[in-house]
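> return atomic coordinates for the entry below.
(one chain, ligands or ions: 1)
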Amino acid sequence: MPFNSRKITVVPGDGIGPEVVSAALKVVEATGVGIEAEVHEAGAEAFARGIESGVPPETIASIERTKVLLKGPLETPIGYGNKSANVTLRTLFETFGNLRPVRELPGVTTPFTGRHLDIVIVRENVEDLYTGIEYMQTPGVALALKIISRTGCEKIVELAFEFAAATGRRRVHCATKANIMKLTEGMLQHTFEEIAPRYPQIEAKHILIDNCAHQLAMRPEQFDVIVTTNMNGDILSDLTSGLTGGLGFAPSANVGSEVAIFEAVHGSAPDIAGKNVANPTAIILSAAMMLRHIGEGAAADDIEQAVLVTLESGLRSGDMAGTGKPASTTDFADAIISNLGLDSRTAASRDFRAVNIPEASREVESVTVRARRVTGVDVYIESRMQPEELADSLIAACGDTTFTLHVITNRGNTVYPAGDRTVTLVDHYRCRFMSKSRQADVWDAEILRLLTRIGEVHIWMHVEKLQHFDGEDAFSRTQK
Ligand code: NAP
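Numbers count the residues shown, from 1 in each chain. The predicted structure follows:
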């Protein structure tokens, strides 16, 4: 162990993980930076040992000590069973920002070669649909919660601008679906518009996420930094990886105010696992990001330059187009090691300042409003009745309560008062009740009385208060 070595936690991961992580550690070691790796498990092996989160306590304890994790991909069973160990790690250590840079690489030919792409996706990493809160509300209807907080938006937007400022980038786009999800995605847009003027040297633009995907396919060179919500960022960053040569070249950093996790964007690629053919570049570039994070910027530059020199030499990994036998994982890493200390012909090292990462607060974060009141409730009801029949029974249930039935929707479509459209009905109705006195603040006891009366004739499974904050509706309007 070198004198004064810096401890890091390493999780080799699943599938191709152990092969590419060991290649990355060899490259890091060859830079001469003193690293002591505490190797721990997470993912498939942990699930097999019955650890429900996929992350054993000894792995968590090591990350708490070292504050830095270099990890291989972790498998997540799709559609059933276990949680994602990746999501567990990101949320456990509140690594709220996911930086995913891609750039045109020499020798990696794509339809965009020559357009000098150099794009960073800044993905919110702990909120949104990734909170994984889902319910079967009826046996045939599922619901997922998309949770977006003001503090989460502030932190990710500040990170995007701080990252842009520290790395000399000139433009930040904020990509949202604020036209449809005005309160959740809209919160990111509004926060972005409020924070952007603090960075007058950086051009700030909002773009709808669907147009962003279109523009990335048509004219990707217009983008520099793109900040976006978790799900959007997950999809967009695979897209930007594809623009510049594929997942084998896409590194990432998950940053929080205390812990940072460095990993390739790609997954465990089980189809090529154990064959020594995976491209180790993504995780090697992630390791370079890690070195920069721990203050070893010169070693990080060295690795990035050596990767470029290796690609300039014409060596190709299995996922690159071309003829002739591709280099194995180990040969590719060895070539990078032999090129350490050489300068690339195509790109100089970038100037980096340390990025100011927004601080985590130990306080409960909240937004203060001057006035708030509840004027109604949405009650979600499971029923096989037609809307008119359901409405009659709910009007009867309102009886002498303070509520009147206002509207009923089915999968977001208004079905009462009846429209003239034909919609496919499912047994999942949202029934909106408003206070007879629109200005009154409805008390919980009145809501409970309404629910009791509805519960005598229907199955209800969820209730949501209709609130007003400072006179503004704090809920979405119903679709006409
Ligand atoms: P994937 O593992 O990224 O693989 C998709 C395809 O990309 C592979 O089949 C392979 O394509 C190619 N590829 C990926 N990395 C490569 C590399 N380093 N070198 C060469 N080719 C590479 O995505 P997936 O198949 O959707 O997911 C597999 C598992 O990984 C799932 O359990 C998923 O949950 C997990 N996953 C984990 C993470 C993470 O830990 N952060 C991220 C994503 C997915 P070819 O067919 O061309 O060989």
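> okay, CA-based contacts and neighbour counts for the rest of this
Fine.
> tell me the centre residue of this protein?
By Cα atoms, centre = their mean, the chain has its centre lying nearest to N230, at 2.7 Å.
> report how many residues lie close to D400.
By other Cα atoms under 10 Å, 9 other residues sit near D400.
> likewise the one 3 residues further on?
Counted with other Cα under 10 Å, residues neighbouring F403 total 24.
> how about the residue nearest to the centre of the chain: what's its closest non-neighbour residue?
Residue nearest to N230 in three dimensions, not counting chain neighbours: E124, with 4.7 Å by Cα to Cα, 6 or more residues apart in numbering.
> in contact with the one you found, which residues?
Listed by Cα atoms under 8 Å, 6 or more residues apart in numbering, the contact partners of E124 are 96-98, 152-153, 156, 227-230, 233.
> can you check A418 too?
Applying Cα under 8 Å, 6+ apart, we find A418 in contact with E388.
> likewise the one 5 residues further on?
By Cα under 8 Å, 6+ apart, the contact set of V423 is N413.
> any idea which element it lies in?
Using DSSP states H and E, V423 is not contained in any helix or strand.
> please renumber so the chain begins at 38
I'll keep to 38 as the first residue from here, and by that count the last item is V460.
> may I have the phi/psi pair for it?
The phi and psi values for V460, taken as degrees, to the nearest 10, are phi -120, psi 150.
> what does the one 5 residues further on give?
Reported as degrees, to the nearest 10, the phi and psi values for H465 are phi -140, psi 100.
> and the nearest residue in space to it that is not next to it in sequence, bridged to which residues?
Counting by Cα to Cα, 6+ apart, H465 lies nearest to E419, which is 4.9 Å off, once chain neighbours are set aside. Per DSSP bridges, residues listed as beta-bridge partners of E419: H465, I496.
> burial measure for E419, as a count.
There are 20 residues near E419, going by other Cα under 10 Å.
> with the ligand as the reference, measure out to it.
Using Cα to the nearest ligand atom, to the nearest Å, E419 is found at 33 Å from the ligand.
> so that residue touches C468, yeah?
No - using Cα atoms under 8 Å, E419 is not in contact with C468, being 10.5 Å away.
> please report phi then psi for the nearest residue to V414 once chain neighbours are set aside.
The shortest distance from V414 to any residue other than its chain neighbours is 4.5 Å, reached at K502 (Cα to Cα, 6+ apart). In terms of degrees, to the nearest 10, the main-chain angles of K502 are phi -70, psi 140.
> not counting residues beside it along the chain, what's closest to D510?
Take D510 and drop its neighbours on the chain: the residue closest to it by Cα to Cα, 6+ apart is Q504, 6.5 Å away.
> I'd assumed V411 was in contact with the one you found.
Yes - at 4.4 Å, Q504 and V411 qualify as touching, with contact defined as Cα under 8 Å.
> secondary structure class for A241?
Secondary structure, DSSP: H, G, I helix; E, B strand; the rest coil: A241 is strand.
> number of residues surrounding it?
By other Cα under 10 Å, the residues close to A241 number 20.
> residue contacts, it?
208-211, 233.
> how close does it sit to the ligand?
Distance, A241 to the ligand, by Cα to the nearest ligand atom: 29 Å.
> for that residue, which residues make a bridge with it?
Beta-bridge partners, per DSSP bridges, of A241: V209.
> ok, stretch 71-81 near the ligand or not?
No - using Cα under 6 Å from any ligand atom, stretch 71-81 never reaches the ligand; the gap is at least 8.5 Å.
> okay, how far is it across that stretch, tip to tip?
Terminal residues of stretch 71-81 lie 30 Å apart, using Cα to Cα, to the nearest Å.
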